[in-house]
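Need a 3D model of the sequence below.
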Amino acid sequence: MFNRRIFKVFIIAAVLVILFGGAIFLARKNFFPIIKEQPILDKKENTCQNYSEQLLNTQTSQKYDDYWLFLPADCETEIKKAPLVVMLHGWGSTDVAKSKDWIKHLTAKGNIVVFPFYEERGLENLGRGDWVVFAQRTAKVIKDAIVWLQGIKGIQPDLDKFVLTGGSMGAFIAINLSAIWPENNLPEPKVIMLIHPPQRFLAETLKTPQNIPSNAFLSCFVADQDIIAARGGCDTIWQLTGQVQKRDYIWECSDNYSEPRIRAGHIPLGGPENNLETYGYWKTLDGLIDCAFYDKNCEQGFGDTAEHRYLGQWPDGTPVKELKISKEPPLISPCGK
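Take a look at the predicted model:
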């Protein structure tokens with residue numbers, strides 16, 4: 001009898017612990033979700049309500065000659081010319097759907113977006129030669145996209161407002177394109193934003209870093225838990241681009257304050273997964289474009305400003321860990337433990 005009573009008490013206690021603990025966990029999780037819908041910049045600055053998209057090809061049978069083209073549509077005022085943003089996917093990350101939210105955000109602000117493919121069958125050998133070929137293929141696709149745009153009626157690309165951005169391998173290609181633009185007859189890049197570029201072969205393939213415009217805006221993101229690219233790519237780029245005056249070296253810090261946790265890891269391009277993407281990449285690129293081309297919102301995307309560092313808040317008002325921004329690579333991670 002005594003053992004049976006103890007057993008009943010034990011069962012009741014276990015059930016209460018599970019229910020009470022689960023309630024705490026669910027309450028904590030429901031009360032502290034990451035808010036992805038917080039405004040990036042003033043919504044009044046959105047000029048277009050929609051976009052058109054087309055998958056185009058350079059008249060060959062190779063998949064790496066394909067590219068997606070996104071044009072602003074349903075704009076409040078007529079846009080005759082728009083900045084041309086080239087968004088470069090990571091190695092093997094050819095699903096444009098993963099970047100549609102960001103693309104829609106960019107077109108809403110009146111930008112044309114080109115999303116090139118540079119891999120033949122999704123995954124190609126990663127020998128040094130292929131890395132160079134990827135940049136050359138991309139240069140050809142960009143030129144084809146410009147020719148196509150110039151042959152249609154309606155909104156035209158403003159080739160004085162040329163932007164390169166990419167994640168992982170896409171960042172590697174973006175920095176290479178920014179160096180080979182003269183010989184490939186590409187527009188001069190005015191904004192270059194790199195997310196987690198890999199270091200492998202970078203110093204060997206980036207043969208003409210002096211061609212990167214000294215007056216360009218150059219930002220490079222490092223994630224504190226990126227075990228794939230780590231900081232090596234951004235460090236090498238900094239060593240090779242000393243002539244560029246407007247540079248930001250940016251650290252993303254993981255934040256375990258609540259659930260779901262924010263992990264600053266390797267992101268080849270996509271989102272929005274969390275505030276690191278919306279408040280980090282999206283807001284920074286918005287600010288860079290506005291600052292470079294319209295002389296406004298510089299504090300949102302350039303320099304070590306409170307507006308640039310800000311990554312939103314947890315619902316209880318606690319700020320998400322800010323970006324760490326410097327002009328030179330720090331000796332150690334500024335994110336701490």
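
measure the spatially closest residue to G312 that is not a sequence neighbour to W314 for me?
Distances taken as CB to CB, 6 or more residues apart in numbering put N275 closest to G312, at 4.5 Å, once the chain neighbours are dropped. From N, CA and C alone the C-beta is placed, and that goes for glycine too. Noted for N275: a distance of 9 Å to W314, by CB to CB, to the nearest Å.

More neighbours: the two, which one.
N275 (23 against 19; other CB atoms under 10 Å).

confidence score at the residue nearest to G312?
Model confidence at N275, given as pLDDT, is 85.

pretty sure it is touching R261, no?
No: using CB atoms under 8 Å, N275 is not in contact with R261, being 11.6 Å away.

OK, contacts around the residue most central in space within the chain?
Geometric centre of the chain, nearest residue: Y281, 4.6 Å, by CA atoms, centre = their mean. Residues in contact with Y281 (CB atoms under 8 Å, 6 or more residues apart in numbering) are 102, 193, 195, 221, 271.

Where do the helices of the stretch 151-300 of the chain begin and end?
In the stretch 151-300 of the chain, the segments counted as helices under DSSP state H, counting those that start in this stretch are 169-180, 202-205, 232-240, 275, 283-294, 298-301.

Among those, which comes closest to L71?
helix 283-294 (16.4 Å; CB to CB).

and the closest one, C-alpha only, in CSV?
Taking C-alpha atoms only, helix 283-294 is exported to CSV below (Å, rounded to 0.1, in the frame of the first residue of the first chain):
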residue,chain,number,x,y,z
LYS,A,283,19.0,47.4,-44.0
THR,A,284,22.7,47.8,-44.7
LEU,A,285,22.2,47.4,-48.5
ASP,A,286,19.3,49.8,-48.4
GLY,A,287,21.4,52.4,-46.6
LEU,A,288,24.4,51.9,-48.9
ILE,A,289,22.2,52.3,-52.1
ASP,A,290,20.5,55.4,-50.6
CYS,A,291,23.8,56.9,-49.4
ALA,A,292,25.8,56.2,-52.6
PHE,A,293,23.1,57.3,-55.1
TYR,A,294,20.7,59.7,-53.3
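
so where's the stretch 101-250 of the chain uncertain?
For the stretch 101-250 of the chain, the stretches flagged by pLDDT under 70 are 120-129.

right, so the helices of the stretch 151-300 of the chain: which one is the most enclosed?
Stretch with highest mean neighbour count among those: helix 169-180 (a mean of 26; mean count of other CB atoms under 10 Å).

Relative to the whole chain's centre, how far out is that helix?
Centroid displacement of helix 169-180 relative to its chain, using CA atoms, centre = their mean, to the nearest Å, is 14 Å.

helices or strands next to it in the packing?
Helices and strands touching helix 169-180, by 3 or more CB pairs under 8 Å, 6 or more residues apart in numbering; DSSP states H and E, are strand 81-88, helix 128-150, strand 156-167, strand 189-195, helix 202-205, helix 232-240.

Can you tell me which of those is packed in deepest?
Of the helices and strands packed on helix 169-180, strand 189-195 is the most buried (mean count of other CB under 10 Å), at a mean of 26.

between that one and helix 232-240, how many degrees?
Between the axes of strand 189-195 and helix 232-240, defined by axes from the mean of the first three to the mean of the last three CA atoms, to 10 degrees, the angle is 150 degrees.

CA atoms only for strand 189-195, dumped as CSV, please.
The C-alpha trace of strand 189-195 is given here as CSV (Å, rounded to 0.1, in the frame of the first residue of the first chain):
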residue,chain,number,x,y,z
PRO,A,189,30.5,49.1,-59.2
LYS,A,190,29.6,51.8,-56.7
VAL,A,191,28.3,49.5,-53.9
ILE,A,192,29.9,46.2,-53.0
MET,A,193,28.4,44.3,-50.1
LEU,A,194,29.9,40.9,-49.3
ILE,A,195,28.4,38.3,-46.9
